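*Asks:* Dropping the sequence and predicted coords here.
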Amino acid sequence: MNDVDRIFAGSIPEIYDEYLVPLIFEFYASDLAARVAALSPRAVLETAAGSGVVTRALAPRLVSEGRYVVTDLNQPMLERAAARQDPDARIVWQQADALELPFDDASFDVVLCQFGVMFFPDRLTGYREARRVLKDGGSFLFNAWDRIEENAFADVVTRAAAEVFPDNPPRFLARTPHGYNDLDIIRQEVEAAGFRDVAIETVPALSVAPSPRHPAVAYCQGTPLRNELEERDATLLNEVTERAQTAIAERYGSGSVSAKIHGHVVTAKR
């Protein structure tokens, strides 16, 4: 993973939230929130919360006397999440590094992370930190994307970007969001961190957009792929976006478009 893979700044958080969240994250946020709520936790920690899509889905399902600490390393994303959340005295917003959590041992019933572990510079450290702050018997839940070929819009956009930069194709989407997809490796790393009862479920879904331009803008301008494109030639950002839009339209049509997405959901016990 490159350093630019973790930079969500400038207009990226806003575009991410407006375009990418409904495109690929809302379904899995609802799924993860339902799994957490079924555990009836009283103290919940969310790491790498991004723009708060899981927070919005989970908060209404938690007990009224519960405590919900929502964290992210990226302050602009956390501010975006807090601004979109209804007032809720149970929620504490706190900038925090998932690899060095500023919380006491055995503080939470559940730790969850939606599509964030792929960005951890050291996943084993992140998993051990999650285990440290969990109470005995507590649950760790997270999800990670399947390989890019099983996530069609991301694959099409990556191929379109490579057509514009054939000598140095931008590979952020394949390298980072879709680069942690080997189930054996995931299981080994979670178990190596000390967790037990590790279960992994691959959950398919459908990514739906109102037009081919929507996923093109979502990926090209609302993710760190934008950083890669602008590093190569900032004047070509719109060209890559339009190339991606055309490729999506050619494959899926010019109106509302839909394509497959696959995510892995991981659950484990302390």
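*Replies:* Yep, it's here. Numbers count the residues shown, from 1 in each chain.
*Asks:* Go through the chain and flag its longest helix.
*Replies:* helix 237-252 (DSSP state H).
*Asks:* So which other helices or strands are in contact with that helix?
*Replies:* helix 152-164, helix 213-221, helix 225-233, strand 257-269 (3 or more Cβ pairs under 8 Å, 6 or more residues apart in numbering; DSSP states H and E). Placement of C-beta: from N, CA and C, glycine included.
*Asks:* how about the CA coordinates for that helix, as CSV?
*Replies:* Extracted in CSV, the C-alpha atoms of helix 237-252 (Å, rounded to 0.1, in the frame of the first residue of the first chain):
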residue,chain,number,x,y,z
LEU,A,237,-8.7,13.6,-14.0
ASN,A,238,-11.8,14.4,-16.0
GLU,A,239,-10.6,12.4,-19.0
VAL,A,240,-10.2,9.3,-16.9
THR,A,241,-13.6,9.9,-15.3
GLU,A,242,-15.2,10.3,-18.8
ARG,A,243,-13.3,7.2,-20.1
ALA,A,244,-14.7,5.2,-17.1
GLN,A,245,-18.2,6.5,-17.7
THR,A,246,-18.1,5.5,-21.4
ALA,A,247,-16.8,2.0,-20.5
ILE,A,248,-19.5,1.5,-17.9
ALA,A,249,-22.2,2.7,-20.4
GLU,A,250,-20.9,0.3,-23.1
ARG,A,251,-21.1,-2.6,-20.8
TYR,A,252,-24.2,-1.8,-18.7
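*Asks:* in it, what counts as buried?
*Replies:* Under the neighbour-count criterion of 16 or more other Cβ atoms under 10 Å, helix 237-252 has 237, 239-241, 243-245, 247-249, 252 buried.
*Asks:* For residue 100, state which of those is nearest.
*Replies:* Checking those against residue 100 by Cβ to Cβ gives residue 237 as the nearest, at 34.0 Å.
*Asks:* Which residues are in contact with the closest residue in space to that closest one that isn't next to it in sequence?
*Replies:* Leaving aside its sequence neighbours, residue 237 sits nearest to residue 229 (Cβ to Cβ, 6 or more residues apart in numbering; 5.3 Å). By Cβ atoms under 8 Å, 6 or more residues apart in numbering, the residues touching residue 229 are 161, 165, 170, 220, 236-237, 240.
*Asks:* if we go to 10 Å?
*Replies:* Shown in contact with residue 229 (Cβ atoms under 10 Å, 6 or more residues apart in numbering): 161, 164-165, 170, 172, 220-221, 236-241.
*Asks:* And for the residue nearest to residue 34 when sequence neighbours are not counted, the neighbour number?
*Replies:* Leaving out its chain neighbours, the residue that sits closest to residue 34 by Cβ to Cβ, 6+ apart is residue 61, at 7.4 Å. By the measure other Cβ atoms under 10 Å, the count of residues near residue 61 is 14.
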